[in-house]
Each structure stands twice: as C-alpha cells, then as structure tokens.
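J.: 3D, please:
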Amino acid sequence: MKIRSTFMKTALLFAALLLSMLHARADSVGEALEVFVKEGHIAGAVTLVAKREQILSMQAVGWQVLETRRPMEQDSLFWIASMTKPVIALAILMLHDDGRLDIHDPVERYLPEFKGQMLLQEKSDDRVVLVKPARPVTIKDLLTHTSGIAGNANAEPGPADSRTPRESAVICALTPLQFEPGSKWAYSNPGINTLGRIIEVVTGEDLSKAMSNYVFRPLNMKSTTFVPTTKQIEQLAVSYKMDDELRRIVPSGIPYLSEPYTSTKRQPFGAGGLFSTAEDLHKLCLMMVSGGEANRRKHLSKETLALMFQNHTGDMKAGFVEGMGMGLGLQVVARPTGVTAKLSAGTAGHGGAHGTQMWFDPASGSIQIMLIQRAGLPNGDASPMRQAFHDAAAKVLQDAASLPLEN
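T.: Numbers count the residues shown, from 1 in each chain. You can find the predicted model right below:
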C-alpha cells in the first residue's frame, strides 16, 4: 500500500512538472513573435496552437493599432487574404457532397460564358495564335490552380472587391488560357473568384449569403465575414508595411479592398476578401481534423475530405516554398523542409498576403494558426515570423504529447 502511495505521488508530481513545462512552452509561442514586435518588423500577432479541440496555447502580443498603443487581443480581427481560398473550396466541396455539383464537371456546365474558351498558343508583336484546348477547364482545375486561367485575368483597374463574382467570371471566360488545363500549376486568384461565382449559381444566393449559410453559421464562425460591421472594425488589426526611408513600419491599408471596409457596396472577393479571428479559424480547422464533423453534425464526408487533402499536383512545382503539393483549395506539405521542416507530411493549410498562416495535420489533429498584418513581405509563406512560430509550436505539441490529453 505504501509503495502504491509513493508511486501515485511520484506520478502526480511528474504530471505537474510536465504541465508546468507545457504552460511555459505555451508562453514561448507568443514570446517568439514578440521578438519581431520589439525589432519593429510587425506591430503584433495572435497565435493559436491546438490538438483538436484542446487549445494548448493562445497568445496575443504587441499592438492592434501601433500609433495609439491599442494592445492586440485574442479576439482581434484580421484580414486573412488568401486564407479565404480554402474556405471557398470548402463550400464547393459541401455542394459536391450534397450532389448539387460535381468537381469533375467542366466549368461551362454552370457558367455558359466559358463555352469555347480558347488557349493562347503563341503571342508576338505581330501575331497571336489561339487554339482549342484539349479539354475544357473543370472545377477541380480551379481548386488546384491547374486551370490555365491567367493569374492576372481579373486585373482590371480598381480594388478586387469593386467587381461582382459574375463580372470577374466573365472576364476570366473572355481571357485565353495560358496553358492546357491540368498540365501545370500556376497560382490563380481569378480561378478562385470563378469558384465563388459557381457557388452563387448553384445556390441561387449571393456569395456572402451562401458562405454564411453553408460554412460560417454551421461552424459557428461568428466573426468571419467579407464585410465587417462597425463594431468589428474596432477590433481590426491594422496592416503595416516597412518604410525604408523612415526605417520603421507604417500603416499600409489593404490595397486589394475598398475603404471603408464596412461598406455594403463592397463585393465578396472569393480569392482573398475574408476577415476572421484565431478562434473562428480554429473552428474551421477543427472540423477538418475531426472527419468533417462539428457541432454534432456531419459537414463533409470522409471521402471528400480525403480528396481535399490529397496531393493532386504530384511532381509539379506548386506553392511558394519547397516541398509543397496542391490539394483542393489547400496546399499540402509533401516533403517537410525549410520553413515546413517541423510540420508532418500531409499537413494542409494556406497562407495570406500579409503573413497570416493556418496549418493542420489531419492525422495527428494538430492545428497551428499565426495571424499578423505585415504587407510587403518578400514571401509571406517563408517569413522569419512563420519559421519562429512553427519552431515554438512544435515544442508545445511535443510536450503535449507527454500529457494525458484527450485525443
């Protein structure tokens, strides 16, 4: 009996020690980003590290508004830019599961303006040659950025939210393809905008309402929106850029979007128009690592989730850092290296123009979210902030694996 009592005391002491270490590690995630705040590279950050629903670390450091010294909060609102893309993809895949569309269908089945779209074979000062592509663009091509739709097909004057999804899709349809569909990977905002228009046509609703009905409300993502309210704007983390002359960061605004951001005249920008919070993004990732389930409801089948996480680009060069493949609306770590070295193969996610990052591992249930607002980064997916975040998060997850947390 005495031996058992001694064993229990030792076990409890060991568990308490591990828990203390975990708390210290949790703080270290924020501290890793605070270094960049003190050095003047970013104004602030919100980070979240979780093992499924168990939040291991959630930190807010620095300033939401640098000029007024308004502190960053855990519920601060961020423009998540291209992290909008996997959310749009999720809605498409939900419609696929519901039988309202098939991702293998040609786009022209839903958007007739794409019928007869041509391929640019040759272009010179005095000659342009257009030919019929071997096959039409499919919804899957749009999801994997292998459609051939030019990345600048929507590059008309004015912010991206000044055009309706229908107008953006028509511009795409009238622009010749740059390569045969499915033959290579080339990042395409216009392709994702076209998915937004398909959602509108299939649901009969405007994109904002359809996304609310299919994704935001069912997942209880209360703060995620294309058009923030006046109250939400009070929580908006300001975007900053480096002023080389002043050698400090200054407000940059969001060049892709019209101001005021609260204006209901702004159109939903499917490739990068969402605002969200760390808490909401955790809910999104949690559904992804929980077999498509959330709030006691099945939102996506396991078969469709498996398709979403599959590397559909094989050996094609894809993504913005080495070792990446392309899933359906998500980037997938095919070979962990460099900034992804601490992530497992099969980890999926996406980054955003101002340095935001969201990554999750369907196998282990680990979730890593880093929210910053830093314009002008040479490569947001390879930023030193992201590297420091993943390094710190990996230690938290490693320590958590030693504790009897729920799986």
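
J.: residue ranges in the stretch 301-407 of the chain under the pLDDT threshold?
T.: Along the stretch 301-407 of the chain, segments meeting pLDDT under 70 span 403-407.

J.: where do the strands sit along it?
T.: Remark: strands assigned in the stretch 301-407 of the chain by DSSP state E, counting those that start in this stretch are 324-326, 331-333, 348-351, 357-360, 366-371.

J.: mean neighbour count, the ones you listed: which tops it?
T.: With neighbours taken as mean count of other Cβ atoms under 10 Å, these reach their highest mean count in strand 366-371, at a mean of 28. C-beta here means a position set from N, CA and C on the backbone, and glycine is covered the same way.

J.: strand partners of that strand, parallel vs antiparallel please.
T.: Strand pairing for strand 366-371, determined by DSSP bridges: strand 44-51 (antiparallel), strand 357-360 (antiparallel).

J.: adding distance to Pro268 as columns, could you present the ones you listed in TSV?
T.: Shown next, in TSV, are those (distance: least, Cβ to Cβ, whole Å):
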stretch	distance to Pro268
strand 44-51	24
strand 357-360	20
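
J.: between those, which gets nearest to Pro133?
T.: Nearest to Pro133, of all the strands paired with strand 366-371, is strand 357-360, at 33.4 Å by Cβ to Cβ.

J.: quick one: contacts of that closest one?
T.: Residues outside strand 357-360 that contact it (Cβ atoms under 8 Å, 6 or more residues apart in numbering): 80, 83, 86, 281, 284-285, 288-289, 333, 343, 347-351, 366-370, 380-381, 386, 389.

J.: so which residue is dead centre in the protein?
T.: Centroid-nearest residue in the chain: Met83, 2.3 Å away (criterion: Cα atoms, centre = their mean).

J.: for my notes, confirm it occurs in a helix.
T.: Yes - under DSSP: H, G, I helix; E, B strand; the rest coil, Met83 sits within a helix.

J.: if I pick it, what's in contact with it?
T.: 274, 276, 281, 350-352, 356, 358.

J.: repeat that for 7 Å
T.: Neighbouring residues of Met83 by Cβ atoms under 7 Å, 6 or more residues apart in numbering: 350-352, 356, 358.

J.: skipping adjacent residues, who's closest to it in space?
T.: Distances taken as Cβ to Cβ, 6 or more residues apart in numbering put Gly352 closest to Met83, at 4.6 Å, once the chain neighbours are dropped.

J.: try His390
T.: Distances taken as Cβ to Cβ, 6+ apart place Lys342 nearest to His390, at 4.7 Å, with adjacent residues excluded.

J.: burial of the one you found, as a residue count?
T.: 18 (other Cβ atoms under 10 Å).

J.: mind checking how far the residue nearest to the centre of the chain is from Ile139?
T.: Going from Met83 to Ile139 by Cβ to Cβ, to the nearest Å gives 20 Å.

J.: cool, and Val227?
T.: Distance of Val227 to Ile139, given as Cβ to Cβ: 26 Å.

J.: just Thr230 next, same as before
T.: Going from Thr230 to Ile139 by Cβ to Cβ gives 36 Å.

J.: also Arg335?
T.: On the measure of Cβ to Cβ, Arg335 and Ile139 end up 27 Å apart.

J.: more neighbours: the two, which one.
T.: Neighbour count, other Cβ under 10 Å: between Arg335 and Ile139, Ile139 has more, with 27 against 12.

J.: show me the contacts for Leu371.
T.: So Leu371 contacts 45-46, 78, 278, 356 (Cβ under 7 Å, 6+ apart).

J.: ok so, going back, tell me the pLDDT at the residue nearest to the centre of the chain?
T.: The model reports Met83 with a pLDDT of 99.

J.: what's the answer for Gly151, then?
T.: Looking at Gly151, its pLDDT reads 84.

J.: next, work out how far apart the residue nearest to Met83 and Ser263 are.
T.: Distance of Gly352 to Ser263, given as Cβ to Cβ: 21 Å.
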